[in-house]
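[1] kindly generate the corresponding structure for this input.
(chains A and B)
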Number of protein chains: 2
Amino acid sequence: MKTIRGVYEISVPLIGNMANAVVNFSTHDVSLVAIVSSVIRGGKPVTGFGFNSIGRFAQPGILRRRMIPRILAASPEALLAEDGMFDPVAISAVAMRDEKPGGHGDRAGALGALELAVWDLNAKIADVPAWSWIASVTSAEVNESECNSPEVPTYAAGGYYYEDDSLGRLQQELQRYQALGFDAFKIKIGGADLKADMQRIDAAIDVAGSGIRVAVDANGRFEVDTALAYLEAMSDRQLRWYEEPCDPLDFDLLQQLSSVTNIPLATGENLFSAQDTRNLLRYGGLQPGRDVFQMDAGLSYGLTEYLKILELLKTAGFSRSQCFPHGGHLINLHIAAGLGLGGCEAYPGVFNPFGGFSPACAYSDGKVKPSEAPGFGLEEKPELQPWLEKLREMI
Amino acid sequence: MKTIRGVYEISVPLIGNMANAVVNFSTHDVSLVAIVSSVIRGGKPVTGFGFNSIGRFAQPGILRRRMIPRILAASPEALLAEDGMFDPVAISAVAMRDEKPGGHGDRAGALGALELAVWDLNAKIADVPAWSWIASVTSAEVNESECNSPEVPTYAAGGYYYEDDSLGRLQQELQRYQALGFDAFKIKIGGADLKADMQRIDAAIDVAGSGIRVAVDANGRFEVDTALAYLEAMSDRQLRWYEEPCDPLDFDLLQQLSSVTNIPLATGENLFSAQDTRNLLRYGGLQPGRDVFQMDAGLSYGLTEYLKILELLKTAGFSRSQCFPHGGHLINLHIAAGLGLGGCEAYPGVFNPFGGFSPACAYSDGKVKPSEAPGFGLEEKPELQPWLEKLREMI
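    Next up is the predicted model:
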């Protein structure tokens, strides 16, 4: 019988001095979790790695004081599925023992890191890439390319506010992304006034070639008047989408915007549960075929909860092609590939060591293809290697 | 100019082997926070204490890694109000720097403990009980008794599930509360089947004398069918209220129940922000004059956010008399007294060292009166003294 030999966490600082409309990322960090199994390959225990995406801080307190001890105290059988693999549903339930309902915040990120490490571990035991394991377990229809590894549409998220020459640096930044093979971009708005932001948008369109290649992200900053003023000013730019115009839980304002917008709306990166998604679908007025969902498994209790979220979207008439998870990194690349989602965010060159993919992933024509490494392939990302090594030293 | 000399946290285990329908409390703990000021009294620095209520775990990770460093790094002037006192609004904003919107969970409890310590500190500097300081700062109309300390209507929350002789122990428990001066009670439901729970309810009514003295609490456990089945079974018992029948964020189900119930509904202890409250008010169908709100400042970013919540309730036509904060302890007693709320929960003899009030508080006719100690008077609670001492040793 497979057993879990140990679960470990380290908090890894994000490298990033950029800021969006509400947050400076220079103090942010991320929890990197290792689950060491009893399965031995090449003399070493097979180990699953996961992390809680980007943007909501490491969770060493919740992981080390609450969730990891519960898992280590559980009987080994309680953590296995009928097929003998580790069961992410059962492990999540054990990790959440004695937690009250509601309050989907930091806790959701802590479990996200842990639960995703289970998927990495299972895929490594099966010796297949995570996207393939996810597709087979969830029976998702995946458009496989000739190389048997699906290409995922992606876009380069950036366009942060820099202190000097913000407009010039924005254009240079997007040109760098173009040189890497990206043909669609997302830039921040709301960190300057409307006039300055419109200049930023037009500068971005100028590089991208058309509005449909440029999405804008207000990071939940606007109240009703500003949200509507931006909508009006942007209405003739044919933008890709207008992301998080308002507080992520202000479903009423979102519904107001939804009823008048001619730009697709995007939201969900700051909703961390199926129950919050249910409320978004009930009250937010979002439209099948138009709007975009960005819920992020690493911040939302992991893939177990994300699959519940996809089920809710399906029931409400939305397609997986409308899902573009927040967080441009290897884990979400594999999730998007394995579940046949609309695409995946990318942060080329920023939010290291987590942001961006690995050199083994092929970029072309705005699409990214995961490599054939087993699991999420985090070991192939050079920036992550020293941290994985540090984590192994704890074992 | 007053300054903050240091901020300290210890995680204190809750003493409790009882369980409700979803949670066993034996592994729970609570963050106790101290803010040490530059104000010297009797040769010692005046120090404010706060804690994050009960039921959602201590938050040493979030406090020590995120919020406390931000406060210690701020310029001293940025933490003061115009009147020279410490400013809970400004301190909250500093503690939340670089935190994204949404995700109101563990973080809300971490700031709750910290922000409430600011109120304790200010009240001690002013040398008045916290209820009096809160009333004067917020200009609440308080019904002052002759002794110049308002009496707060309260009820004994208990009726947990015990392993042996659950029915007999329930009645003995309520009789103990009666001997202490309580005339209203709350018991748990949902941890047994409907038939067994109806026996518990009738056993409680038998002790209490009438249904109006017995509230029932399902702790967010029920789906639609069970929630409605309990409502139907309980409909002729004239109960005090039916608490958290469903998931705290399932506003749609709450609205369904609200449209048919003849028992007041109570909810809110698992909503941790003004924005979540706004959604409850928009979508939950709760009724002015009938239903009960139990939002708890210690779990919800502190009193700064709780005052925003009260403002939303007022705008929606609800009265403060409909507010009974979750968490039966000294801090919420002072908040209920200072803001003229409907009342306050009490946990006599359980959830030590935080649950319950202090010997200096007078109980009579179902009401509790805070003492005249400065601040929240936590120093007067014998069970808390060793922990306050431990915290002082860290300073």
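[2] secondary structure element for the residue of the stretch 251-395 of chain A found nearest chain B?
    Across the stretch 251-395 of chain A, no residue is closer to chain B than residue A:270, which sits at 3.3 Å (CB to the nearest CB). (C-beta placed from N, C-alpha, C; glycine too.) Under DSSP states H and E, no helix or strand contains residue A:270.
[3] also residue A:199?
    Using DSSP H and E, residue A:199 falls in helix A:194-208.
[4] what's that helix packed up against?
    The criterion is 3 or more CB pairs under 8 Å, 6 or more residues apart in numbering or on different chains; DSSP states H and E, and the helices and strands that helix A:194-208 contacts are helix A:166-179, strand A:185-188, strand A:214-217, helix A:224-234.
[5] follow-up on the earlier one: contacting residues for the residue of the stretch 251-395 of chain A closest to chain B?
    Contacts for residue A:270 (CB atoms under 8 Å, 6 or more residues apart in numbering or on different chains) come out as A:220, A:244, A:248, B:100, B:101, B:102, B:103.
[6] am I right that the third one is in a strand?
    No. Read with DSSP: H, G, I helix; E, B strand; the rest coil, residue A:248 is coil and lies in no strand.
[7] next, count neighbours for residue A:392.
    Using other CB atoms under 10 Å in any protein chain shown, the number of residues around residue A:392 comes to 14.
[8] pretty sure it sits against residue A:34.
    Yes. At 7.4 Å, residue A:392 counts as touching residue A:34 under the criterion of CB atoms under 8 Å.
[9] identify the contacts common to these two.
    residue A:47.
[10] before we move on, the earlier item: most tightly surrounded among the helices and strands packed on helix A:194-208?
    Comparing those by mean neighbour count (mean count of other CB atoms under 10 Å in any protein chain shown), strand A:214-217 ranks first with a mean of 27.
[11] measure the spatially closest residue to residue A:81 that is not a sequence neighbour to residue A:76 for me?
    Nearest residue to residue A:81, sequence neighbours excluded (CB to CB, 6 or more residues apart in numbering or on different chains): residue A:87, at 3.8 Å. Residue A:87 sits 11 Å away from residue A:76, going by CB to CB, to the nearest Å.
[12] swap in residue A:320?
    Following CB to CB, the distance that separates residue A:320 from residue A:76 is 35 Å.
[13] ok, what's across the strand from residue A:4?
    As for beta bridges, residue A:4 partners with residue A:37 under DSSP bridges.
[14] shouldn't it be in contact with residue A:90?
    No. Assessed by CB under 8 Å, residue A:4 is found out of contact with residue A:90, at 11.6 Å.
[15] hey, what's in contact with both of those two?
    Residues touching both residue A:4 and residue A:90 (CB under 8 Å, 6+ apart) are residue A:79.
[16] of those two, which one has the most company?
    residue A:4 (20 against 17).
[17] re earlier: as CSV, the helices and strands packed on helix A:194-208 with distance to residue A:344 would be great.
    CSV is the format used below for the helices and strands packed on helix A:194-208 (distance: least, CB to CB, whole Å):
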stretch, distance to residue A:344
helix A:166-179, 15
strand A:185-188, 12
strand A:214-217, 13
helix A:224-234, 24
